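A.B. asks: please work out how this folds:
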Amino acid sequence: MDACAARLLAIVILAGVGSGGPAFALDRSSLGDFLFGAPRVAAPPAVSRYRVEEGGGSFVLDTADGAKAAYLKFEGSPEIWALHPTAGPRGDIIYKNDVDEPVLRATRLGGVTLFTPDQPEGMPAAFMGQAQPPHMVMDMGPDVLWGIFVQASARASRIAQHLVVFEGPQDITPATAPVFADAAVLTSQAFAKIGGQGKSGHTLVARFMRVEFNAGRGAAATARGEIIRITVCPDQGVAGRPSSERIANVISRR
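C.D. replies: Numbering: from 1, shown residues only. Next up is the predicted model:
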């Protein structure tokens, strides 16, 4: 400590003693920050588990791809969210989903805030430790893929209260099948989300008779008439299919 800093520290202490109590709380960390600058904070592991302080749920966040993308998976949910990082105020990083909604905010000091439709102002999440990265199955045989398509179609059909056929392209390979299977599951989740919104939600999902899955240069979801079209890019992995939220937005458009 140099002479100037030492004199400043003495003034602070004497001011507290002379007034019969501290002029302000002598927190060692805040005083150190004041005198010497903010301390360095160790970055969390690239793949970390967090627990939401309100509600008790947890999630895994994978930021190994850095500025390219991040991946988030909630405990008990099959969906892996592909998020894109954007610069926020004060050096924060805002992670957004594929409909440009903020999902997470990470601060320079390691704080993480989760945003949900029920809590748009955000809920703090506590770091719990290192975790394994979320990932899809590496490859999948045609029988497994067919079974997943049948199950997803059956779920959507129950919600719509009529048959909703899920159709995939003929040239799916074991390497590309996982992305198509994931897209089918997320589409059935989107049907469940909108169909669960009462009579108006059921009216929206009941319009559709078929869901067509095709390969393309990027993830997309569109609807026209009684058909929903889901485009996936298998080479992009998790980011190569639309999220359930993006599909739900398409279903809900009148």
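
A.B. asks: sketch out the low-pLDDT regions of the stretch 151-254 of the chain for me.
C.D. replies: Within the stretch 151-254 of the chain, the segments meeting pLDDT under 70 span 254.

A.B. asks: quick one, strands of it?
C.D. replies: Assigned by DSSP state E, counting those that start in this stretch, the strands in the stretch 151-254 of the chain fall at 165-167, 210-215, 220-224, 227-232.

A.B. asks: next, the buried residues of the first one.
C.D. replies: Under the neighbour-count criterion of 16 or more other C-beta atoms under 10 Å, strand 165-167 has residue 166 buried. Just so you know, the C-beta spots here come from the backbone N, C-alpha and C atoms, and that holds for glycine as well.

A.B. asks: counting contacts, what elements does it pack onto?
C.D. replies: Packing partners of strand 165-167 (3 or more C-beta pairs under 8 Å, 6 or more residues apart in numbering; DSSP states H and E): helix 142-160, strand 210-215.

A.B. asks: mind listing what that strand pairs with, with the direction of each?
C.D. replies: strand 210-215 (parallel) (DSSP bridges).

A.B. asks: contacts for the partner strand next, please.
C.D. replies: Residues from elsewhere that reach strand 210-215 (C-beta atoms under 8 Å, 6 or more residues apart in numbering): 153, 156, 164-169, 171, 176, 180, 183-184, 187, 226-234.

A.B. asks: repeat the analysis, applying 7 Å as the threshold.
C.D. replies: The contact list for strand 210-215, computed with C-beta atoms under 7 Å, 6 or more residues apart in numbering, reads 164-169, 180, 183-184, 187, 226-234.

A.B. asks: taking helix 142-160 as reference, get the angle to it.
C.D. replies: Strand 210-215 runs at 140 degrees relative to helix 142-160, counting by axes from the mean of the first three to the mean of the last three C-alpha atoms, to 10 degrees.

A.B. asks: buried sites along strand 210-215?
C.D. replies: In strand 210-215, counting by 16+ other C-beta under 10 Å, buried: 211, 213, 215.

A.B. asks: cool, and stretch 97-106?
C.D. replies: Buried residues in stretch 97-106, counted by 16+ other C-beta under 10 Å: 97, 98, 102, 103, 104, 105, 106.

A.B. asks: what about the closest residue to residue 76 other than its chain neighbours, how many neighbours?
C.D. replies: Leaving aside its sequence neighbours, residue 76 sits nearest to residue 57 (C-beta to C-beta, 6 or more residues apart in numbering; 7.8 Å). Residue 57 is flanked by 16 other residues according to other C-beta atoms under 10 Å.

A.B. asks: residue 57 reaches residue 74, doesn't it?
C.D. replies: Yes: under the criterion of C-beta atoms under 7 Å, residue 57 makes contact with residue 74 at 6.4 Å.
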